[in-house]
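**Q** mind looking at a prediction? Sequence and model below.
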Protein chains: 2
Amino acid sequence: MNFEAVTIKDIARELGISASAVSKALKDSYEISEKTKKAVLECAKRLNYRPNPMAQSLKRGNSKSLGIVISTIDNNFFAQVINGMESVAYSKNYNVIMTQTHESYDLEVSNVQHLTIRAIDGLLISLSNETRDLDHLKKLHDKGLPIVFFDRVTDEIETHKVIADNFKGAYEATNSLINAGYRKIAHITSSPHVSITDDRLNGFRLAMSENNIPLNEQFVKYCLHGGRDLNEIEKALTELLCSPDRPDALFTASDRITTTTLSLLHKMGFKIPDDIALLGFTNTSLADVLNPSLSSVYQPAFEMGKKATEMLIGLIESKRPVREFEKVALPTEVIIRDSSKPVLVHK
Amino acid sequence: MNFEAVTIKDIARELGISASAVSKALKDSYEISEKTKKAVLECAKRLNYRPNPMAQSLKRGNSKSLGIVISTIDNNFFAQVINGMESVAYSKNYNVIMTQTHESYDLEVSNVQHLTIRAIDGLLISLSNETRDLDHLKKLHDKGLPIVFFDRVTDEIETHKVIADNFKGAYEATNSLINAGYRKIAHITSSPHVSITDDRLNGFRLAMSENNIPLNEQFVKYCLHGGRDLNEIEKALTELLCSPDRPDALFTASDRITTTTLSLLHKMGFKIPDDIALLGFTNTSLADVLNPSLSSVYQPAFEMGKKATEMLIGLIESKRPVREFEKVALPTEVIIRDSSKPVLVHK
DNA sequence: CAAATTTGCCTTACCGGTTAATTTTAGTAC
DNA sequence: GTACTAAAATTAACCGGTAAGGCAAATTTG
């Protein structure tokens, strides 16, 4: 069942020269005469010769591929990030190998393992919601594997990082809810101890305190699996909404949580924004046509993917060890739609 | 900048035996004594030895990776397909390398080229909307590269294929519109000469003719780029809706076309379903919470990815050449929501 | 015209792992 | 002690491409 390829030896045999002459001719080496070069090039084209990448990798000690670890691809944000990564990688002649953690620490460890076994030249990773221990990554980083973190990052490993400006996005989103007249604002977020959770929560807290609105700590709900399973969001919503003093607005902290919350609110029969307003992080292009149109914090996902990949390839191809690392925060965009209409207008 | 690994030679040196003894011990060969095997295994574990996949690939002549060609990953349908592919590939120790055509024939050719240069063991492909000429794939197929088509397939190459039951999905969807009281049904679809376009159009036509509803040929609109660019859908909609005898329902043929049509109808100020009903192929999990909730034909995307990958790995690992090929059609599901409510109820 | 240099190509070793062919070692039989 | 055999390990070749080093022929130089 294999699909035999033309090798450098076939060309050598055809022209009656040695394999190394062919190799050198193909690299336009000064050691080879113009006549021979021309003959080799012609023959290579005629036989449709392609160098075997595995032989090259083995010899050179690199693989020209990048590993990507994300939670799941079926999510607008990550799909757009990968889109950006692929565009850069492809243009620089790398390919990408993607794996999903589904927010599980164990899967993250085994995926990272799997990827490094497969010989990647560098790693692009957004940590799973469950991940607390970073040993699996520290070991690789210490051994010299270039790593760039994006989205969910960590301070424990010194390398390049690309995030959205989560703090500012959350701060502005919360302010917009406050300006629209909402006061009892609840926040549904992912697992604590994840970078994006902290940043977004801090932005939320600052906006609240700057406006002198006391924050009911019961109004901050964590979803340990990042909203991967519906039940945890359902539980958070039930706790928030089936109480006498329920919030008048929800600020949700991730793509999955936001869209699932919208679905559940529908199912539970809440009118948005009359019964409760909703504003959340999401990258769905359908925000405009949701019922109601959904106010959202949009992250420049494609750019994040591009930037992270450019940084990683920079690390990989750097001649000298890199000592200075960047942490880039890309601007988010808060877009107000009907799901957080001003209170005065509709009440 | 490289990240040196433990090799079989390190183990050999450590134990004072030859490299080949180590290799054989690791494969539990009968030629090696139990004592040596135990020592090798212990040492391999201690040094955290991992065989170099490129060396193995070079020797064995395979790469344990599968190429995937899709139009774009930022699309619920394809994201779910890839999800399914990844799950199977990963469990069978393959990795997947994904590329996007963005519906361009040229990109399809260059991506396929790029993938085969990278030495894949097999190819999973959904043809681009632009693709008419299949020479680039025929050549590879003739050379023995295992290929499985999914979603957008072709009759010109004999191999396994996995599709959704597009004909039946379209037939049932159209029938449901007819049963709901709509008569002037328009169909917005992708490029002609693409398998899914034909199948869906035929299902549409059959339902119409079985119900003795004459089909206005002006009511079938093709989008040559599969809805990748907004303008072509906008043009189709304008032509359909800005005419005295305009349709009372739209049946849209793909994920992108359906969601974009919904957005545009909103923007143009049409009330759905009062002014015009909408039902289309889409895999978005947000169908329920769109405005209005969107009637849809759902495709088992995850299963499609799984099935296609199982078939491909079957081809790759088959000892004897495969002569009998399957074309599997997975059932679609038509889900009626508010965007195609019965006419009597709301008019 | 011989010596020195350049040109152009070949031989060889290597990357890391696999495996056929072969040699060494240990054990048994006579 | 010799002959024979089975067991255990080694050597060598290979996968395809790369690159250092070597060598013969052609060209330049004194």
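**A** Okay, I see it.
**Q** where exactly do the strands run in the stretch 1-150 of chain A?
**A** Here the stretch 1-150 of chain A has its strands, by DSSP state E, counting those that start in this stretch, at A:65-70, A:95-100, A:122-125, A:147-150.
**Q** nearest to chain B: which residue in chain A?
**A** A:Asn291 (3.4 Å; CB to the nearest CB). For the C-beta atoms, the positions are set from N, CA and C on the backbone; glycine is no exception.
**Q** list the contacts for that residue?
**A** The contact partners of A:Asn291, by CB atoms under 8 Å, 6 or more residues apart in numbering or on different chains, come to A:266, B:289-293.
**Q** which of the strands of the stretch 1-150 of chain A has the lowest mean pLDDT?
**A** Here the lowest mean pLDDT among the strands of the stretch 1-150 of chain A goes to strand A:95-100, at a mean of 92.
**Q** quick one: list the elements packing against that strand.
**A** Using 3 or more CB pairs under 8 Å, 6 or more residues apart in numbering or on different chains; DSSP states H and E as the contact test, the elements touching strand A:95-100 are strand A:65-70, helix A:76-91, helix A:105-117, helix B:76-91, strand B:95-100.
**Q** now those in JSON lines, with distance to B:Gly16?
**A** Conversion of the helices and strands packed on strand A:95-100 to JSON lines gives the following (distance: least, CB to CB, whole Å):
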{"stretch": "strand A:65-70", "distance to B:Gly16": "36"}
{"stretch": "helix A:76-91", "distance to B:Gly16": "43"}
{"stretch": "helix A:105-117", "distance to B:Gly16": "27"}
{"stretch": "helix B:76-91", "distance to B:Gly16": "38"}
{"stretch": "strand B:95-100", "distance to B:Gly16": "36"}
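**Q** most neighbours per residue, which of these?
**A** When the helices and strands packed on strand A:95-100 are scored by mean count of other CB atoms under 10 Å in any protein chain shown, the highest mean neighbour count falls to strand A:65-70 (a mean of 26).
**Q** can you list the strands that that one pairs with?
**A** Here strand A:65-70 has these sheet partners by DSSP bridges: strand A:95-100 (parallel), strand A:122-125 (parallel).
**Q** for A:His225, grab phi and psi.
**A** phi -100, psi 20 (degrees, to the nearest 10).
**Q** okay, now it: neighbour count?
**A** Counted with other CB atoms under 10 Å in any protein chain shown, residues neighbouring A:His225 total 19.
**Q** contact partners for the nearest residue to it once chain neighbours are set aside?
**A** Of all residues not flanking A:His225 in the chain, A:Glu103 sits nearest, at 5.1 Å (CB to CB, 6 or more residues apart in numbering or on different chains). Contact analysis of A:Glu103 by CB under 8 Å, 6+ apart lists A:71-72, A:128-130, A:225-226, A:228.
**Q** which one in these is the model shakiest on?
**A** Lowest in pLDDT among those is A:Arg228, which has 83.
**Q** burial measure for A:Ser104, as a count.
**A** Counted with other CB under 10 Å, the neighbours of A:Ser104 add up to 18.
**Q** wait, what's in contact with it?
**A** Contact criterion CB under 8 Å, 6+ apart gives A:128, A:130 as the residues in contact with A:Ser104.
**Q** roughly how far apart are it and A:Gly67?
**A** Between A:Ser104 and A:Gly67 the distance is 17 Å, computed by CB to CB, to the nearest Å.
**Q** now A:Asn111
**A** For A:Asn111, the distance to A:Gly67 (CB to CB) stands at 8 Å.
**Q** overlap in contacts, the two.
**A** Common neighbours of A:Asn111 and A:Gly67 are listed as A:Thr99 (criterion: CB under 8 Å, 6+ apart).
**Q** what's the neighbour count on A:Lys92?
**A** Here the number of neighbours of A:Lys92 (other CB under 10 Å) works out to 14.
**Q** tell me who's in contact with the nearest residue to it once chain neighbours are set aside.
**A** Sequence neighbours aside, A:Ile313 is the residue nearest to A:Lys92 in space, at 5.5 Å (criterion: CB to CB, 6+ apart). Contacts for A:Ile313 (CB under 8 Å, 6+ apart) come out as A:66, A:88-89, A:92, A:94, A:122.
**Q** can I get the strands of the stretch 1-150 of chain A in CSV including distance to DNA strand C?
**A** Below are the strands of the stretch 1-150 of chain A laid out as CSV (distance: least, CB to the nearest atom of the strand, whole Å):
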stretch, distance to DNA strand C
strand A:65-70, 17
strand A:95-100, 19
strand A:122-125, 18
strand A:147-150, 21
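**Q** tell me how many other residues crowd A:Arg337.
**A** The burial metric for A:Arg337, expressed as a neighbour count using other CB under 10 Å, is 17.
**Q** correct me, but it touches A:Ser293?
**A** Yes. A:Arg337 sits in contact with A:Ser293 when judged by CB atoms under 8 Å, with a separation of 3.8 Å.
**Q** overlap of the contact sets of these two?
**A** Residues touching both A:Arg337 and A:Ser293 comprise A:Ala287, with contact defined as CB under 8 Å, 6+ apart.
**Q** where's A:Leu250, which helix or strand?
**A** A:Leu250 is part of strand A:249-252 when elements are defined by DSSP states H and E.
**Q** show me what the helix or strand following that strand is packed against.
**A** Using DSSP H and E, the helix or strand that follows strand A:249-252 towards the C-terminus is helix A:255-268. Contact partners of helix A:255-268 among helices and strands, from 3+ CB pairs under 8 Å, 6+ apart: strand A:185-189, helix A:230-241, strand A:249-252, strand A:277-281.
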